[in-house]
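Q: for reference, the sequence and a predicted model appear below.
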Amino acid sequence: MDGLSRRTALKAGGVLGALGTVAMVAPGRAEPWTWSPGGSVAGTGSGVDPMGVWDAEADPLVAGLIERGEVSRVNESLRTWTRNGQPLPAELPTELRDFMEYARQLPQWADPGKLGTSVEFTKKRGLYLGVLYGLASGMMSTVIPKEARAVYYSKGGHDLKDRISKTAKLGYDIGTANAYAPDGEMVVTCVKTRLVHAAVRHLLPQSPHWVYAANEHIPISQNDMMVTWHSLPTTVMKHLTAWRVPIPAHESDAFLHSWQVCAHLLGIRDEYIPNSWGEANSQATQVLDPILAPTPEGAALADRLLRLGMNIDLTVLSKPVLGAFTRFLLGDPIADGLAIPREPVWDPLLRVSWGPFIAVREGLLPVVPLAPEAYWLFDEFLRQAALLYLAELRMPISIELPQHNRDMSQPPR
């Protein structure tokens with residue numbers, strides 16, 4: 001796009017998708033767990049329902065840090081750890097340092113060649129990814145009921161812009177050329193996020209507001225993390241496929257592989273990580289698709305997300321336009337549940353013209369079948385989506401362990 005660097009596009013994609021990238025929890029399933037670990041990257045496993053599995057390695061460790069009042073000192077030390085190959089700060093508590101040395105290792109099945117190919121995929125599709133991470137994945141997080149409640153009542157629910165700026169790194173880092181290399185930051189981001197999840201598991205059950213709204217005792221199970229995972233790569237690939245974006249098989253597989261490695265580093269057991277797109281779609285059909293539903297907390301978060309760009313002069317990304325794209329990507333039931341108004345111009349325009357627009361961009365149609373104004377609007381939307389919220393993003397971003405939940409007596413920011 002005109003004057004738009006790949007770094008800017010990827011950064012915006014990360015910011016747009018931030019709320020989905022660090023989604024917390026998902027509601028219970030109506031059906032028993034039936035997905036076979038034979039379809040996982042491990043190829044085997046216990047078959048135990050991930051709804052009752054959390055992070056036995058990180059949870060007691062982080063709970064101890066919080067109870068002993070060591071989190072401030074740990075956060076101060078971890079601010080200096082920013083690169084994958086960088087030694088861990090020597091002043092970290094010994095048990096935490098030992099755990100992080102173990103947790104930072106790439107899985108044995110990680111394929112450097114595929115990770116490199118994934119970069120090529122992102123170079124070609126960075127603008128699409130920005131839109132999909134934000135308005136498909138990010139907005140989907142608001143209709144995952146327990147996730148929406150966890151975000152709303154946790155510390156990040158008070159200042160959503162601050163939360164987005166801190167959690168945007170996952171969406172940005174995974175698309176960088178050196179994501180998993182020693183001079184990259186993806187491993188650092190994943191390990192720190194794993195620690196944050198452990199802290200939330202300890203803190204959120206202490207919130208009377210969350211306890212009243214939730215129907216679980218401990219948030220962020222392995223099942224919950226897989227729900228979030230599917231709201232990202234699985235959902236993105238479904239849309240790209242539906243749009244008939246031509247993607248070579250080896251690039252598609254590489255994109256999946258980069259997210260498989262991410263899942264492992266976030267603390268998801270290998271026996272729950274799908275080994276192919278077919279297995280990913282099968283698992284998502286069981287854990288994600290049936291549980292999408294609006295909640296008051298989710299509707300409030302969605303409204304705040306759609307308003308975050310109001311202080312930026314990006315008219316193509318006004319709340320009505322973003323709402324119309326949300327309706328187009330996620331469907332009428334979800335948009336209606338989030339109280340997103342129907343748009344008399346944008347709704348039919350997207351339904352009729354988005355497919356031909358994508359075909360034109362991909363060089364699949366010899367003649368542009370759109371009015372010039374419609375083509376410009378769509379093209380400008382992609383360009384501006386890659387710039388959204390950059391005024392709010394401050395570098396470097398430090399992912400830090402929370403020490404308390406949201407103060408519900410204070411208005412959100």
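A: That came through, no problem.
Q: so where is the stretch 51-200 of the chain shaky, pLDDT-wise?
A: Along the stretch 51-200 of the chain, the parts satisfying pLDDT under 70 run over 155-168.
Q: if I look at R68, how far off is V48?
A: 31 Å (C-beta to C-beta, to the nearest Å). In this view, the C-beta of every residue, glycine as well, is placed from N, C-alpha and C.
Q: more crowded one of these two?
A: Higher neighbour count among R68 and V48: V48, with 14 against 10, using other C-beta atoms under 10 Å.
Q: and for N281, the neighbour number?
A: N281 has 16 nearby residues by other C-beta under 10 Å.
Q: isn't it up against T235?
A: No: using C-beta atoms under 8 Å, N281 is not in contact with T235; the gap is 10.4 Å.
Q: ok, the closest residue in space to P341 that isn't next to it in sequence - contacts?
A: Excluding the flanking residues, the one nearest P341 by C-beta to C-beta, 6 or more residues apart in numbering is G323, at 6.5 Å. Neighbour list for G323: 306, 335, 340-341, 343 [criterion: C-beta atoms under 8 Å, 6 or more residues apart in numbering].
Q: for stretch 265-273, which outside residues touch it?
A: By C-beta under 8 Å, 6+ apart, stretch 265-273 touches 37, 40-42, 44-46, 50, 53, 55, 57-58, 103-104, 106-107, 109, 186-187, 190-191, 193-194, 197, 222, 225-226, 229, 260, 263-264.
Q: dump the C-alpha coordinates for that stretch into CSV.
A: The C-alpha atoms that make up stretch 265-273 are tabulated as CSV, following Å, rounded to 0.1, in the frame of the first residue of the first chain:
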residue,chain,number,x,y,z
LEU,A,265,5.6,-21.7,24.3
LEU,A,266,2.4,-20.3,25.8
GLY,A,267,2.2,-23.5,27.9
ILE,A,268,-0.4,-25.5,25.9
ARG,A,269,0.3,-29.2,26.0
ASP,A,270,1.5,-30.7,22.7
GLU,A,271,-1.3,-33.3,22.9
TYR,A,272,-3.8,-30.5,22.4
ILE,A,273,-2.1,-28.7,19.5
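Q: could you check the pLDDT of the residue nearest to P341?
A: At G323, the pLDDT value in this model is 88.
Q: how close does it get to G355?
A: Taken as C-beta to C-beta, the span from G323 to G355 is 20 Å.
Q: how does this structure divide into domains?
A: Domain ranges of the chain: 6-24+53-86+94-291, 296-385, per automatic domain parsing.
Q: and of these, who's closest to N405?
A: Proximity of the domains of the chain to N405 was assessed by C-beta to C-beta; the nearest stretch is domain 6-24+53-86+94-291, lying at 4.2 Å.
Q: the closest one: how far from the chain's middle?
A: 6 Å (C-alpha atoms, centre = their mean, to the nearest Å).
Q: still on that earlier bit, tabulate the domains of the chain in TSV, adding columns for distance to P402.
A: Shown next, in TSV, are those (distance: least, C-beta to C-beta, whole Å):
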stretch	distance to P402
domain 6-24+53-86+94-291	4
domain 296-385	17
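Q: among these, which is nearest Q403?
A: Of the domains of the chain, nearest to Q403 by C-beta to C-beta is domain 6-24+53-86+94-291, at 4.9 Å.
Q: which parts of the stretch 101-250 of the chain are helices?
A: Remark: helices assigned in the stretch 101-250 of the chain by DSSP state H, counting those that start in this stretch are 112-131, 139-140, 145-153, 160-173, 186-203, 208-213, 222-229, 235-242, 249-265.
Q: only the buried residues of stretch 291-303, if you could.
A: 291-292, 294-295, 297-302 (16 or more other C-beta atoms under 10 Å).
Q: send the alpha carbons of it over as PDB?
A: Presented in PDB, the C-alpha positions along stretch 291-303 are these (Å, rounded to 0.1, in the frame of the first residue of the first chain):
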ATOM      1  CA  ILE A 291     -19.900 -21.500  22.500                       C
ATOM      2  CA  LEU A 292     -20.000 -18.100  20.900                       C
ATOM      3  CA  ALA A 293     -22.700 -16.000  22.600                       C
ATOM      4  CA  PRO A 294     -23.100 -12.400  23.700                       C
ATOM      5  CA  THR A 295     -22.800 -11.200  27.300                       C
ATOM      6  CA  PRO A 296     -23.300  -7.700  28.900                       C
ATOM      7  CA  GLU A 297     -19.500  -7.700  29.600                       C
ATOM      8  CA  GLY A 298     -18.700  -8.700  26.000                       C
ATOM      9  CA  ALA A 299     -21.000  -6.100  24.500                       C
ATOM     10  CA  ALA A 300     -19.400  -3.400  26.700                       C
ATOM     11  CA  LEU A 301     -15.900  -4.500  25.600                       C
ATOM     12  CA  ALA A 302     -17.000  -4.600  21.900                       C
ATOM     13  CA  ASP A 303     -18.400  -1.100  22.100                       C
END
